[in-house]
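**Student:** test case, fold it:
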Amino acid sequence: MPSRSFNVYSEKVVVYPNENFTWFANESAFDNGNVTVQSNDWPLVPATPVVLTSTSPSASATVSSTAGAPSSYTFSCAPTDNDVTTQTLIIARQYVDSLCNEVQVWGGDHFIWHNTTSLAVTIAPSSDNAENWPLSQPQYDLAPGDWVAVEVPSDAEANSYLLTITYSDGSQPCNDLATQPKLSVGGGPAPKGGK
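**Tutor:** Numbers count the residues shown, from 1 in each chain. Okay, the predicted model is just below:
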């Protein structure tokens with residue numbers, strides 16, 4: 001799984017259990033000295049405040065293996081950024097780097113689609129369920145290496161929604177693999193801590 005990076009001044013950071021990622025700050029963030037990012041309860045290692053400096057503007061972090069979706073944690077940075085009012089770290093229900101695999105979520109969950117191929121990809125509902133698609137965008141276009149954290153609306157109808165995965169060269173890899181990818185939204189309250 002390729003490593004992802006997050007600006008410490010992000011309002012929302014969506015990660016998954018066991019993920020190793022990098023915090024970073026832009027050069028202008030150090031105009032008033034060091035930047036500290038911290039939380040009282042997040043499931044990250046190191047758990048103590050992370051201090052970035054102009055000579056070390058990034059730092060690695062790891063999400064605990066015990067972190068469970070759909071948990072969320074507030075965090076803050078010092079000095080503060082006037083344009084950022086709240087900052088939240090969210091644990092994704094699922095990380096999907098094989099786009100032909102099923103996504104299994106509940107209303108209110110987040111998941112991550114990650115295009116690890118050398119081609120751009122479009123993820124869209126199949127024509128069978130385009131009218132009752134539960135997600136906020138009609139389709140998701142990801143360049144090679146790009147990823148998107150997707151929030152499932154809390155009132156999403158429990159259902160299995162068939163997906164169409166199309167690469168920029170027109171190929172449809174899931175058809176070649178004879179698999180039908182789908183987004184499965186469970187009914188009832190989301191379970192804590194896993195799939």
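**Student:** from now on I want contacts and neighbour counts done on CA atoms only, so please keep to that.
**Tutor:** Fine.
**Student:** does anything pack onto the worst-scoring helix or strand of the chain on mean pLDDT? Which helices or strands?
**Tutor:** Counting by mean pLDDT, DSSP states H and E, the weakest-scoring helix or strand in the chain turns out to be helix 173-176, with a mean of 86. If contacts are counted by 3 or more CA pairs under 8 Å, 6 or more residues apart in numbering; DSSP states H and E, helix 173-176 sits against strand 159-167.
**Student:** just want the most central residue of the protein.
**Tutor:** Central residue of the chain (CA atoms, centre = their mean): residue 149, 3.3 Å from the mean position.
**Student:** excluding chain neighbours, give the residue nearest to the residue sitting furthest away from the middle of the chain in space.
**Tutor:** Relative to the centre of the chain, and counting by CA atoms, centre = their mean, the farthest-placed residue is residue 32 at 30.5 Å. Closest residue to residue 32 apart from its sequence neighbours, by CA to CA, 6 or more residues apart in numbering: residue 79 at 7.7 Å.
**Student:** got the domain ranges for this structure?
**Tutor:** 4-91, 94-186 (automatic domain parsing).
**Student:** what does the helix or strand following the least confident helix or strand of the chain rub up against?
**Tutor:** Downstream of helix 173-176, the next assigned helix or strand under DSSP states H and E is strand 182-186. Residues from elsewhere that reach strand 182-186 (CA atoms under 8 Å, 6 or more residues apart in numbering): 101-107, 156-163.
**Student:** going through these, which ones are buried?
**Tutor:** With neighbours counted by 16 or more other CA atoms under 10 Å, those contain buried members at 102-107, 156-157, 159-163.
**Student:** can you redo those residues as JSON lines with pLDDT?
**Tutor:** As requested, the buried ones among the contacts of strand 182-186 are exported to JSON lines (pLDDT from 0 to 100):
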{"residue": "102", "pLDDT": "94"}
{"residue": "103", "pLDDT": "96"}
{"residue": "104", "pLDDT": "95"}
{"residue": "105", "pLDDT": "95"}
{"residue": "106", "pLDDT": "95"}
{"residue": "107", "pLDDT": "93"}
{"residue": "156", "pLDDT": "92"}
{"residue": "157", "pLDDT": "91"}
{"residue": "159", "pLDDT": "93"}
{"residue": "160", "pLDDT": "92"}
{"residue": "161", "pLDDT": "93"}
{"residue": "162", "pLDDT": "93"}
{"residue": "163", "pLDDT": "94"}
